[in-house]
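Trainee: Got a predicted structure here, sequence first:
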Amino acid sequence: MCSVNFEKKIFVNPPQPYWIASTDITNYPALEEDITADVAIIGGGMAGIVTAWLLVEKGLRVVIIDADRIISGTSGHTTAKITSQHALIYDNIKTKLGEEMAKQYVEANETAIKIISDLVEKNNIDCDFQRTDAYVYTQEDKYVEKILREIEAASSLGIEAEYRDKIDLPIEIKVAECFRNQAQFHPRKFLLALADKFVERGGQIFENTRAVDVQEGSKAVVLTENGKKVTAENVILASHYPFYDKPGLYFTRLYPERSYILCIKIKDSYPGGMYISAEDPGRSLRSVPSGEGELILVGGEHHKTGHGDNMAKHYENLLQFADRVFEVEDVLYRWSAQDYTTADEIPYAGRLTSKTPNIYVATGFRKWGMTNSVAAARVISDLITTGNSSWHDVYNPSRFTPAASAKNFIVENADVAKQLITGKLAPVPEDIELEPGEGKIVEIRSEKAGAFRDENGQLHLVDTTCTHLGCELVWNSAERTWDCPCHGSRFSYEGDIVEGPAVKIIKLSRRQE
Ligand code: FES
């Protein structure tokens, strides 16, 4: 029995990440004139800002544009674990892609930890950076063999992966793998400081500036929603999902997932460490030092974006798990995050296609964007400044995908075509009886619409055809958004874009009845 009144604690307040609640909102200007640069970066998250920093340090003129405020997307919604332990991955990479690729992945992610730690130290960034151990554990027999194989694979690649039959959490486990001396931090404190330093070095940041197209060429042109242009020798798509996705057919090569996080207070003290379970759906834990005392992040419950009919239950499941492990005193924040995964589970970082020498992409970080985005930043900055990167092969977006990975991916993405067809044909109720806080698809005067009634009784109607490639949107009751089950675009109940790849809103001219 949960010690916290869940309904009361969770659903009265809208979702908000602790990272955003505990830092100031940025106020960079929107782009209001055409400009030129050596490098234009689209997306001001971890990948964009770290790449910008590495390039401005080399003396390049760099511009970041962001459709919203910087660090408000996935980098502001992460669990912010800085580790090369990416759940169970090394046995998989070694088996499917070979030892050389696995070694590149290890080196890239271990170097990323060092890059972050060096940036913190050299620039005196106050971001709650702490060294701590990372664990993958299981409570079920069927995952024991997998963890043992992972320890063997990671050790063979030079990682000090240690076997454990106990961990400091108050739960019984079968086995765990430990990576010593990993790290955690406050991602916004880190990135806000780095963004300031980037601007001090001459970099430029423009917020509320949505890129809507790219014109390729030796001088590429980024077109923005308000008609202004950035002309640059190099363009980097670092907006999570690459909105410019037709070259390279990225919409067939990435699938979106959502996962959920509760930020809680517990009665006892937390034993330290970052944890993730091998089970599916997994459970993730870490602590956060804060002005409100020690907080604990409880994450998990991943599922394909736009799938499932009661998204709110995911928060309930996390709270029940937390209450089994600790005595939960309070739930202070809740939020969810979106992640994209590639066919072989390794990100794409490098040239968008083999035919676009000066357009780069960084995407598909799965749930391990803190180190993978920094590795991607290093790959792309090296490609731009030296023409090469030691980790180019493993991150190359044009790399060969082994048949086994491709087959798994086809299964993961099989519902895209189905969603395009069945979503359109699904029966629609004719009434628009909605309780405050409820949303659903309705039919009004023979027109299909997405309807949501807010707490003041006002009805908000949107077009439920996704403006990316036309799939039918699904109501997300946990976040009060309209989500696309195909490639993960999300829209507010008023029709504004919450996240891409869509670049057009879904507002209806008729707004209320
Ligand atoms: Fe691609 Fe909606 S995100 S169709």
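Mentor: Sure, I can see it.
Trainee: The protein against the ligand: which residues are in contact?
Mentor: For the chain, the residues found near the ligand under the criterion Cβ under 6 Å from any ligand atom are 251, 466, 468-471, 484, 486-489, 501-502. For glycine as for every other residue, the C-beta is placed from the backbone atoms N, C-alpha and C.
Trainee: Widest-spaced pair of these?
Mentor: Using Cβ to Cβ, the pair of these lying farthest apart is 470 and 488, separated by 14.4 Å.
Trainee: okay, the two: which has more neighbours?
Mentor: Under the criterion of other Cβ atoms under 10 Å, the comparison of residue 470 against residue 488 puts residue 488 first, with 27 against 13.
Trainee: Any stretches of the stretch 1-150 of the chain with poor pLDDT?
Mentor: For the stretch 1-150 of the chain, the stretches flagged by pLDDT under 70 are 1-13.
Trainee: Which stretches in it count as helices?
Mentor: In the stretch 1-150 of the chain, the helices defined using DSSP state H, counting those that start in this stretch lie at 6, 18-21, 46-57, 90-97, 99-122, 144-156.
Trainee: Give me the buried entries from the residues of the chain next to the ligand.
Mentor: Among the residues of the chain next to the ligand, the ones that count as buried by 16 or more other Cβ atoms under 10 Å are 251, 466, 468-469, 471, 484, 486-489, 501-502.
Trainee: Could you single out the nearest of those to residue 41?
Mentor: For those, the residue nearest residue 41 by Cβ to Cβ is residue 501; the value is 17.1 Å.
Trainee: ok so, going back, out of the helices of the stretch 1-150 of the chain, deepest packed?
Mentor: With neighbours taken as mean count of other Cβ atoms under 10 Å, those reach their highest mean count in helix 46-57, at a mean of 26.
Trainee: Can you list the helices and strands that that helix packs against?
Mentor: Judged by 3 or more Cβ pairs under 8 Å, 6 or more residues apart in numbering; DSSP states H and E, helix 46-57 is in contact with strand 35-42, strand 62-65, helix 187-200, strand 359-363, helix 369-386.
Trainee: what's the neighbour count on residue 435?
Mentor: Using other Cβ under 10 Å, the number of residues around residue 435 comes to 7.
Trainee: helix/strand/coil for the residue of the stretch 151-300 of the chain found nearest the ligand?
Mentor: Taking Cβ to the nearest ligand atom as the measure, the point where the stretch 151-300 of the chain comes nearest the ligand is residue 251, at 5.9 Å. On the three-state scheme (DSSP: H, G, I helix; E, B strand; the rest coil), residue 251 is labelled helix.
Trainee: same check, this time on residue 452
Mentor: Under three-state DSSP, the three-state class of residue 452 is strand.
Trainee: On the strand side of things, show who it bridges to.
Mentor: When bridges are called by DSSP bridges, residue 452 pairs up with residue 439, residue 460.
Trainee: My guess is it contacts residue 458. True?
Mentor: No - shown here, residue 452 and residue 458 do not form a contact pair, counting by Cβ atoms under 8 Å, at 9.2 Å.
Trainee: List phi and psi for residue 394.
Mentor: Main-chain dihedrals, residue 394, degrees, to the nearest 10: phi -70, psi -30.
Trainee: Check residue 306 too.
Mentor: Torsion angles, degrees, to the nearest 10, at residue 306: phi 80, psi 10.
Trainee: contacting residues for it?
Mentor: Taking Cβ atoms under 8 Å, 6 or more residues apart in numbering as the definition of contact, the neighbours of residue 306 are 419, 473-474, 476, 483-486, 488.
Trainee: my read: residue 26 touches residue 69, true?
Mentor: Yes - look at residue 26 against residue 69 with Cβ under 8 Å: they come within range, at 5.2 Å.
Trainee: Look up the residues that both of these two are in contact with.
Mentor: The contact sets of residue 26 and residue 69 overlap at residue 207 (Cβ under 8 Å, 6+ apart).
Trainee: Let me see the ranges of the helices in the stretch 351-500 of the chain.
Mentor: Listed in chain order (using DSSP H, counting those that start in this stretch), the helices of the stretch 351-500 of the chain are 369-386, 392-395, 403-413, 415-425.
Trainee: now residue 434: how far from residue 485?
Mentor: 22 Å (Cβ to Cβ, to the nearest Å).
Trainee: Please apply the same query to residue 56.
Mentor: 39 Å.
Trainee: Over to residue 240?
Mentor: Distance of residue 240 to residue 485, computed by Cβ to Cβ: 17 Å.
Trainee: The two: who's more crowded?
Mentor: For residue 240 and residue 485, the more surrounded residue by other Cβ under 10 Å is residue 240, and the numbers stand at 28 against 23.
Trainee: Hmm, residue 211 is touching residue 67, no?
Mentor: Yes - counting by Cβ under 8 Å, residue 211 sits close enough to residue 67 to count as a contact (7.2 Å).
Trainee: intersection of neighbour lists for the two?
Mentor: residue 239.
Trainee: Can you report how many residues lie near residue 333?
Mentor: Residues within reach of residue 333, counting by other Cβ under 10 Å, total 19.
Trainee: My error: substitute residue 128 in the last question.
Mentor: Neighbourhood size, residue 128 [other Cβ under 10 Å]: 17.
Trainee: gap between the spatially closest residue to residue 399 that is not a sequence neighbour and the ligand?
Mentor: Counting by Cβ to Cβ, 6 or more residues apart in numbering, residue 393 is the residue found nearest to residue 399 once chain neighbours are left out, at 6.7 Å. When distances are taken as Cβ to the nearest ligand atom, to the nearest Å, residue 393 and the ligand turn out to be 29 Å apart.
Trainee: contacting residues for residue 393?
Mentor: Taking Cβ under 8 Å, 6+ apart as the definition of contact, the neighbours of residue 393 are 100-101, 104, 399.
Trainee: how long is stretch 275-293 end to end?
Mentor: The first and final residues of stretch 275-293 sit 20 Å from each other (Cα to Cα, to the nearest Å).
Trainee: And stretch 134-143, by the same measure?
Mentor: 18 Å.
Trainee: Name the surrounding residues that touch it.
Mentor: Here stretch 134-143 makes contact (Cβ under 8 Å, 6+ apart) with 81, 83, 85, 87-88, 144, 146-147, 150, 164, 167, 169, 171-179, 182, 273-279.
Trainee: Strands - which of those land there?
Mentor: Judged by DSSP state E, strands contain the following of the contacts of stretch 134-143: 81, 164, 175-179, 182, 274-277.
Trainee: Between all of those, which two are at the greatest distance?
Mentor: Checked with Cβ to Cβ, the ones in strands among the contacts of stretch 134-143 reach their widest spread between 81 and 175, with 20.4 Å between them.
Trainee: Looking at the two, which has the bigger crowd around it?
Mentor: Counted by other Cβ under 10 Å, residue 81 and residue 175 do not tie: residue 81 has more neighbours, with 26 against 22.
Trainee: for that one, which residues make a bridge with it?
Mentor: Checking residue 81 by DSSP bridges, which sets the bridge assignment, gives partners residue 184.
Trainee: which residues sit in contact with it?
Mentor: With contacts defined as Cβ under 8 Å, 6+ apart, residue 81 is in contact with 134, 182, 184, 274, 284, 286, 368, 370.
Trainee: residue furthest from the geometric center of this protein?
Mentor: Each residue of the chain has a distance to the centre, and by Cα atoms, centre = their mean the biggest one is for residue 445: 38.7 Å.
Trainee: Relative to residue 44, which of the contacts of residue 306 is nearest.
Mentor: For residue 44, the closest of the contacts of residue 306 turns out to be residue 488, at 19.1 Å, with distances computed as Cβ to Cβ.
Trainee: which residue sits closest to that closest one in space, ignoring its chain neighbours?
Mentor: Nearest residue to residue 488 in three dimensions, chain neighbours excluded: residue 256, at 2.8 Å (Cβ to Cβ, 6+ apart).
Trainee: What residues are bridge-paired with that neighbour?
Mentor: Residues in a beta bridge with residue 256, per DSSP bridges, are residue 340.
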